[in-house]
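Peer 1: Sequence below, structure please.
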Amino acid sequence: MRDAELLPAFVRVNCENGAVTELTPPANVIAVQPAQAFGDNWSEPLERPDKLKLTSYFQAKQILCSHFGFLRFMVGGDETVIDLNPSLRHFGITFEVPRTSLMTAVEYRVFDDLLIGNFMRTTLHGGRKLHPHFTPLTAKYSDNGGANTSVELRNYFFEYIRRNPVGIIRHLLELKSEDVFRKLVPLNSGPYKKVQSLYWKYK
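Peer 2: Just a heads-up that it's a prediction; the model follows:
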């Protein structure tokens, strides 16, 4: 793409004649808002019905039991521990999060919103990772896909294969071949850039 022109941000492009007009919008006023402005209070603890709902929400996600022994929630200075698998008691996650956001995520099954919101404090115990051991299982497969057990997860994947077997196989081959290529060819080397350019050209 040597003949491509990189345009500045905030422009209007006339697709008929190629004319580019700068828009020069005013700069946003950046003002930090308190958590209370969005309904959160970091000092507010969970009530008993909240704890029961939170525990039920995560204990239903049986696919987490193969990776974690516990989940620990610190809300308003109060601790709630959800036991998942006693044999994995050294593997767990601590989440420190305000009550309103946590219970909203539980109510609407959108826990991924907390994970990507950059305000929940997350501590991993025992060496497990959020991906692939927690995030896809909780957010994608359980909350979005309704797969909470190993059998439901297997059926979830089988349904994808049934609908588009060729696409799934091609996707898996792309992932595996990309992993192998990255291990063999140095990043940003000549061959790497050449193959990368061809990949995006024919993608």
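
Peer 1: The residue nearest to Gly92 when sequence neighbours are not counted and Tyr141, how far apart?
Peer 2: Once flanking residues are discounted, Gly92 sits nearest to Phe70: 4.0 Å by Cβ to Cβ, 6 or more residues apart in numbering. In this view, the C-beta of every residue, glycine as well, is placed from N, C-alpha and C. The gap separating Phe70 from Tyr141 is 20 Å, by Cβ to Cβ, to the nearest Å.

Peer 1: do the same with Val13
Peer 2: For Val13 relative to Tyr141 (Cβ to Cβ), the value is 41 Å.

Peer 1: ditto for Thr94
Peer 2: In terms of Cβ to Cβ, Thr94 sits 23 Å off from Tyr141.

Peer 1: These two: who's more crowded?
Peer 2: The residue with more neighbours, out of Thr94 and Tyr141, is Tyr141; 19 against 16, by other Cβ atoms under 10 Å.

Peer 1: Assign a three-state SS to the more buried one, would you?
Peer 2: helix (DSSP: H, G, I helix; E, B strand; the rest coil).

Peer 1: Was I right to think it contacts Leu153?
Peer 2: Yes: counting by Cβ atoms under 8 Å, Leu153 is a contact partner of Tyr141 at 5.8 Å.

Peer 1: how deep is the residue nearest to Gly92 tucked in, by neighbour count?
Peer 2: Phe70: 20 neighbours (other Cβ under 10 Å).

Peer 1: Contacts only, for it.
Peer 2: 81-84, 89, 91-92 (Cβ atoms under 8 Å, 6 or more residues apart in numbering).

Peer 1: beta partners for it?
Peer 2: Phe70 forms beta bridges with Asp83, Gly92, as assigned by DSSP bridges.

Peer 1: Could you do Val11 as well?
Peer 2: Applying DSSP bridges, one finds that Val11 bridges with Glu22.

Peer 1: And it, how close does it get to Leu137?
Peer 2: Distance from Val11 to Leu137, by Cβ to Cβ: 43 Å.

Peer 1: More neighbours: the two, which one.
Peer 2: Comparing Val11 with Leu137 by other Cβ under 10 Å, the one with more neighbours is Leu137, at 22 against 12.

Peer 1: ok, the nearest residue to that one once chain neighbours are set aside - contacts?
Peer 2: Among residues not flanking Leu137 along the chain, Ile63 sits closest, at 4.9 Å (Cβ to Cβ, 6+ apart). Ile63 is in contact with 137, 141-142, 147-150, 153, counting by Cβ under 8 Å, 6+ apart.
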